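Enquirer: Following is a predicted model, sequence given first.
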Amino acid sequence: MDVMSLEMKEERNQLLRETVRKIASAKVAKRAAEIDAAGVFPWDMAELFAQQGFLSVMLPESYGGMDGDITAFCIIAEEIAYACGSSSLMILAHSVGLIPLMVAGNEEQKKRFYERVAKDHALAAFALTEPEAGSDASAIKTTAELEGDYYILNGRKSFVTNGGAAELYAVFVTTRPGERTRGISVFMVEKDTMGLTIGKREEKMGMRGSDTTDLIFENAVVPKENLLGEEGKGWEIAMMTLNLSRPAIGAQAVGIAQGALDFALDYANKRVQFGQKLADFQGVQFMLADMAMQIEAARALVYKAAALLDQRVYERDRMSAIGVDKLSAMAKCFASDVAMRVTTDAVQILGGYGYLKDYPVERMMRDAKVTQIFEGSNQIQRVIIARNLLRRFWDKNLA
C-alpha cells in the first residue's frame with residue numbers, strides 16, 4: 001500500500017471514529033443503564049446501527065456495505081463499547097456471524113445473504129459452541145447428513161450471542177462424525193428453517209442487553225446450497241473467523257476500560273476526602289496512571305493486530321500467518337485482562353459508590369468479565385501464543 005493510500009485510509013478511519021463517537025455519546029450512552037437494568041435486547045440500537053451502516057461495516061459497497069476492514073470494525077467496537085458493552089456486543093456478534101460467509105462464501109451466497117443484511121437489516125450470529133464443546137470446539141456433535149438436495153441437521157448449539165434476535169446463523173456441524181476437525185463443515189442457516197428452535201434466553205452477569213440463547217436442531221432442513229466452502233473445511237473457516245474477529249474483542253475491551261477510566265478520573269477530581277480531592281492523593285494518582293498505561297498498551301496491540309490482518313499477511317505465507325494468529329490472540333487476551341483490571345480499579349476508586357448500580361463502573365466491570373471468556377477463553381489464547389512461540393523449535397525437531 002502506497003503512502004497516499006495509507007493517508008487516505010487513516011483519514012477515513014479517523015472520520016469513522018469521530019462519527020461513531022458522536023453517535024455513541026448522543027444516542028447509545030443514554031440507553032446503557034436502562035438496557036442493562038432491563039436485560040432486554042435493544043432493538044432501537046439495532047435499527048440505529050443498521051441505519052448508520054455499522055452492521056455492514058465489512059460488506060462490499062456493491063452490496064450496500066461500508067467496504068471497511070478489521071481496523072474499521074475495531075473502531076466501531078471500541079467506540080460503542082465505551083458507551084455500552086451490550087450494544088457493542090450486538091455489532092460484534094453480528095459481524096462474526098458474517099465473517100464465515102465473507103471468507104468462504106461464493107458469489108451467489110454473498111449476494112443472497114448480504115442483501116438481507118444491507119436491505120432488510122437482518123442480524124447474524126456465530127454458532128460454534130455446544131454444551132459439551134466449549135474450549136474443545138473440535139468435539140462438536142451437531143450433525144449434518146446429506147439427503148438429496150438438503151442437509152438434515154440435528155444437535156444443539158449453546159451460548160449463541162444474538163441467538164434469538166438474529167435471522168442468519170453461521171452454524172458449524174460435523175458431516176463426518178468421529179473425525180473431529182477434519183469432519184467439520186459450516187452452513188448459513190436461516191431463522192425460519194424447519195426444525196430449528198430457539199432455546200431459552202440466558203440470564204447473565206454482564207452484557208445483559210445482549211441476546212444469548214441455544215439453537216436446537218431437530219431434523220432441521222437446510223438446502224445444500226447453504227454449505228460454505230466444501231465439506232470438511234469448516235474448522236479452517238472457524239479458525240480464520242476467530243483470528244479476524246479477536247482484535248475486535250480486544251477493541252471492545254479497550255472501549256469498556258477507557259469508559260471506566262474516564263469516569264473514575266472525573267469522580268476522583270470531584271470527590272473530596274480528608275479536605276482534598278481524591279485525585280490529589282498519590283496512591284490514587286498511581287492507580288490512574290497504571291490504568292491509563294495499560295489501556296494505551298492494549299489499544300496499540302489491538303490496532304497492530306488489526307493492521308496486519310488488513311494487509312492480508314495471513315494469506316501470503318505460512319510464517320506470516322503464524323505471526324498474525326499470535327498477535328490476534330495477544331490482542332484479545334491482553335486487552336480483556338486489562339479491561340478487567342481497569343474496571344475493578346475504577347470501582348475501587350469510587351469506593352462504596354462504585355459498588356452501587358447508580359454509577360456505571362459496576363456495570364462496566366460486569367461487562368468486562370466476559371471479554372476474558374468468549375471467542376476463546378484467555379487460557380486458550382495463551383495456548384495459541386505459546387504454540388506459536390515454540391513452533392520453530394518443534395519444526396526443527398521434525399526436520
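Expert: Great, that's in hand.

Enquirer: quick one: buried residues of stretch 348-363?
Expert: Within stretch 348-363, the residues that count as buried by 16 or more other Cβ atoms under 10 Å are 349, 350, 354, 359, 360, 361, 362, 363. For glycine as for every other residue, the C-beta is placed from the backbone atoms N, C-alpha and C.

Enquirer: following the helix or strand hosting the second one, which helix or strand shows up next?
Expert: Under the criterion of DSSP states H and E, residue 350 resides in helix 318-350. For helix 318-350, the following helix or strand on the C-terminal side (DSSP H and E) is helix 361-370.

Enquirer: hang on, the earlier thing: helix 361-370 and the helix holding residue 350, what's the angle between them?
Expert: 160 degrees (axes from the mean of the first three to the mean of the last three Cα atoms, to 10 degrees).

Enquirer: related to what we said a few turns ago, ok, the buried residues of stretch 348-363 vs residue 279, which is closest?
Expert: residue 349 (9.5 Å; Cβ to Cβ).

Enquirer: Could you check how many residues crowd around the nearest residue to residue 103 once chain neighbours are set aside?
Expert: Leaving out its chain neighbours, the residue that sits closest to residue 103 by Cβ to Cβ, 6 or more residues apart in numbering is residue 240, at 5.3 Å. Residue 240 has 19 neighbours, counted by other Cβ atoms under 10 Å.

Enquirer: Give me the phi and psi for residue 240.
Expert: Main-chain torsions, residue 240, degrees, to the nearest 10: phi -70, psi -40.

Enquirer: same thing with residue 223?
Expert: Dihedral angles for residue 223 - degrees, to the nearest 10 - are phi -60, psi 140.

Enquirer: In contact with the nearest residue to it once chain neighbours are set aside, which residues are there?
Expert: In this structure, residue 223 finds its nearest non-sequential neighbour in residue 150, 5.9 Å apart by Cβ to Cβ, 6+ apart. If a contact means Cβ atoms under 8 Å, 6 or more residues apart in numbering, then residue 150 has 221, 222, 223, 224 as its contacts.

Enquirer: can you do 10 Å?
Expert: 144, 194, 220, 221, 222, 223, 224, 225, 226 (Cβ atoms under 10 Å, 6 or more residues apart in numbering).

Enquirer: Likewise for residue 302?
Expert: 70-71, 74, 77-78, 246-254, 327-328, 330-332, 334-335.

Enquirer: what about the helix or strand where it lies, average pLDDT?
Expert: Take DSSP H and E as the rule and residue 302 turns out to sit in helix 282-310. For helix 282-310, the mean pLDDT works out to 97.

Enquirer: And residue 188, how far from residue 46?
Expert: 20 Å (Cβ to Cβ, to the nearest Å).

Enquirer: Go through the helix holding residue 302 and flag the buried ones.
Expert: 284, 287-288, 291, 294-295, 298-299, 301-303, 305-310.

Enquirer: sec struct for residue 203, please.
Expert: State at residue 203, reduced to three classes by DSSP: H, G, I helix; E, B strand; the rest coil: coil.

Enquirer: swap that for residue 154, please
Expert: Quick answer, by three-state DSSP: residue 154 is strand.

Enquirer: ok, now residue 219?
Expert: strand.

Enquirer: which residue sits closest to it, ignoring its sequence neighbours?
Expert: Residue 219 sits nearest to residue 195 (Cβ to Cβ, 6+ apart), 4.8 Å away.

Enquirer: so who does the one you found touch?
Expert: 152, 153, 154, 216, 217, 218, 219, 220, 221, 222.

Enquirer: number of nearby residues for the nearest residue to residue 119 once chain neighbours are set aside?
Expert: Using Cβ to Cβ, 6+ apart and skipping residues adjacent in sequence, the residue nearest residue 119 is residue 64, 6.5 Å away. Residues within reach of residue 64, counting by other Cβ under 10 Å, total 14.

Enquirer: tell me the contacts of residue 64?
Expert: 53, 56, 114, 115, 117, 118, 119.

Enquirer: all strands for the chain, in order.
Expert: Under the criterion DSSP state E, the chain contains strands at 124-127, 143-147, 150-161, 168-174, 184-190, 196-201, 212-223, 227-228, 272-273, 276-277.
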